[in-house]
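Asks: no FASTA, just this:
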């Protein structure tokens with residue numbers, strides 16, 4: 001038999017940090033922008049070194065906003081206070 005607290009936890013919806021961001025800052029737009037800029041630098045310049053120099057900061061930016069930032073938001077508890 002489930003306790004009342006277990007039922008409340010199962011009734012809660014999963015909180016997504018992405019629901020607080022505008023359309024231009026969603027995972028699909030971050031991936032699209034990053035890959036477009038990296039591939040665009042290759043197609044325009046056809047130079048590996050410049051493409052690598054473009055890719056390093058872009059991959060760091062994409063990695064932060066797609067992997068690190070959502071975990072930080074969920075672990076900080078900021079989203080839990082908004083859900084109440």
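Replies: The structure has been received and is ready for your questions. Everything quoted here is computed from the prediction, not taken from an experiment. Residues are numbered from 1 along each chain as shown.

Asks: report the buried residues of the longest helix seen in the chain.
Replies: With secondary structure taken from DSSP state H, the chain has its longest helix at helix 27-45. Across helix 27-45, burial judged by 16 or more other Cβ atoms under 10 Å covers 30, 34, 37, 38, 41, 42. (C-beta placed from N, C-alpha, C; glycine too.)

Asks: give the next helix or strand downstream of that helix.
Replies: Next in sequence after helix 27-45, counting helices and strands by DSSP states H and E, comes helix 48-63.

Asks: give me the buried positions along that following helix.
Replies: Neighbour counts over helix 48-63 (16+ other Cβ under 10 Å) mark 51, 54, 55, 58, 62 as buried.

Asks: what is the nearest of the buried residues of helix 27-45 to residue 23?
Replies: The shortest approach to residue 23 among those belongs to residue 30, at 11.4 Å (Cβ to Cβ).

Asks: which intervals of the chain have sub-threshold pLDDT?
Replies: For the chain, the stretches with pLDDT under 70 are 1-14, 81-84.

Asks: for the residue nearest in space to the middle of it, give me its contacts.
Replies: Nearest to the mean C-alpha position of the chain, counting by Cα atoms, centre = their mean, stands residue 66 at 2.7 Å. Residues near residue 66 by Cβ atoms under 8 Å, 6 or more residues apart in numbering: 27, 30, 31.

Asks: how much space between the second one and residue 65?
Replies: When you say that, I think you mean residue 30. Taking Cβ to Cβ, to the nearest Å as the measure, residue 30 and residue 65 are separated by 5 Å.

Asks: same deal with the first one?
Replies: When distance is defined by Cβ to Cβ, residue 27 is 8 Å away from residue 65.
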